[in-house]
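Enquirer: can you look at this prediction? I've put the sequence above it.
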Amino acid sequence: MKKPNNYGPWYENYLKLAIERPPITWEILHDKKENLTYEQITVRGGITHSHDTSRYNFLREYLPYGMSFNSGSRHFIRHKVVGAERGVTIGGEKIIRSPTTKYVDRYIPRPEYRWQPADTITEPEPDYLLTFRRKDKWPVGVWDFAGPFWPEPKIRIDKRKKKSLKPHIDAFYEWMCIVGPMMPCDDWDYRERMITEINEHKRGVEHFVTSTDMLPARLAIEIVMDYNHPLRTHLAWHFLAQTDIRGVDTQEAKRKFRNDFNRRANSTFDLQYTEMVQMADRANKKYAGELK
């Protein structure tokens, strides 16, 4: 009996899709109008939500010199920015392009259909790819980015929500800095006690019990707004267990500690959201090369 396909008709044969959308395509192209010969490399990241580890390893190993692939929380191709030296003639070229020490990350979206029911999908995902070009006489490792610019995820702060909570967060931070040095945050038994008491408090409250987070944003906000909340110490432990205050003894360390707290507070109190931003060509103009 044939197993049902849970990912849509275009995933029926993963091998077929992988052949149609290879991780790297390297071509020699000729522009008859401009009488221009150049190399073009097309790079693709993942093509589905699973089974793509081999593709990622392939990209890490076989991208040309001057490029590298990152598959962390965001996927991107990193390459050297191309610098132009004008007024120099070598091999008939009026412009020499050479790599600099600065790198640029070119974002590649990852497939997102894994979060959607199969029966709601009517077409395959876009062919996520990036292209890079180089002229025949350019030095090895020199590539110009030829697009496309994909909308990139950017973390935004909900300023209105943060403004309403700022007095409570600032007061909590000052209190945490006073009690923090006395908390045995690296003690395993203390950690287990904190987690147990948090779970006991959540027990019986539906919107806390069903949450997969140890400290849901709704509970964290409830705590930070109530000076006498029974879990106020536990919220302090939540921050200090990952950033130990006891080693903060210089101005530079204090600034780093506060920055770490602010960054984690944005996440803990649900003060941030992700927005897909279309990068404007003009914002990349000094990096987006043109074959000349």
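Expert: Nice, thanks for sending it over.
Enquirer: which stretches of the stretch 151-292 of the chain form helices?
Expert: Using DSSP state H, counting those that start in this stretch, the helices of the stretch 151-292 of the chain run over 159-179, 188-202, 206-209, 217-224, 232-240, 251-268.
Enquirer: so which of those helices is the most surrounded?
Expert: Among the helices of the stretch 151-292 of the chain, helix 232-240 has the highest mean neighbour count (mean count of other Cβ atoms under 10 Å), at a mean of 20. Every residue, glycine included, has its C-beta placed from N, CA and C.
Enquirer: ok so residue 19 is a helix residue?
Expert: Yes. Secondary structure of residue 19 (DSSP: H, G, I helix; E, B strand; the rest coil): part of a helix.
Enquirer: i'd like the first residue to be 95 from this point on
Expert: New numbering, starting at 95: the last item is residue 113.
Enquirer: mind putting the helices of the stretch 245-386 of the chain into TSV with mean pLDDT and distance to residue 155?
Expert: Compiled in TSV, the helices of the stretch 245-386 of the chain are given as follows (pLDDT from 0 to 100; distance: least, Cβ to Cβ, whole Å):
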stretch	mean pLDDT	distance to residue 155
helix 253-273	94	44
helix 282-296	91	41
helix 300-303	66	46
helix 311-318	93	41
helix 326-334	93	40
helix 345-362	92	34
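Enquirer: of all these, which lies closest to residue 116?
Expert: Smallest distance to residue 116 across the helices of the stretch 245-386 of the chain (Cβ to Cβ): 37.4 Å, for helix 345-362.
Enquirer: residues contacting the closest one, please?
Expert: Helix 345-362 is contacted from outside by 251, 256, 263, 267, 309, 311, 314, 332-333, 336-337, 339, 341-342, 365-366, using Cβ atoms under 8 Å, 6 or more residues apart in numbering.
Enquirer: roughly how far is it from the heart of the chain?
Expert: Centroid separation for helix 345-362 versus its chain: 20 Å, with Cα atoms, centre = their mean, to the nearest Å.
Enquirer: could you check the angle it makes with helix 311-318?
Expert: 130 degrees (axes from the mean of the first three to the mean of the last three Cα atoms, to 10 degrees).
Enquirer: nearest residue to residue 158 in space, please, no chain neighbours.
Expert: Excluding the flanking residues, the one nearest residue 158 by Cβ to Cβ, 6 or more residues apart in numbering is residue 135, at 6.4 Å.
Enquirer: do the same with residue 156
Expert: Among residues not flanking residue 156 along the chain, residue 118 sits closest, at 6.2 Å (Cβ to Cβ, 6+ apart).
Enquirer: for residue 348, see how far away residue 272 is.
Expert: Going from residue 272 to residue 348 by Cβ to Cβ, to the nearest Å gives 14 Å.
Enquirer: list the contacts for the residue most central in space within the chain?
Expert: Centroid-nearest residue in the chain: residue 168, 3.3 Å away (criterion: Cα atoms, centre = their mean). Residue 168 makes contact with 201, 247 under the criterion Cβ under 8 Å, 6+ apart.
Enquirer: try 7 Å
Expert: Applying Cβ atoms under 7 Å, 6 or more residues apart in numbering to residue 168 gives the contacts residue 201.
Enquirer: again with residue 325
Expert: Listed by Cβ under 7 Å, 6+ apart, the contact set of residue 325 reads 292, 295, 317.
Enquirer: same check on residue 368?
Expert: Residue 368 is in contact with 247, 249, counting by Cβ under 7 Å, 6+ apart.
Enquirer: ranges for the strands of the chain?
Expert: Remark: strands assigned in the chain by DSSP state E are 118-125, 130-137, 161-165, 169-184, 187-201, 224-229, 238-241, 246-251, 366-371.
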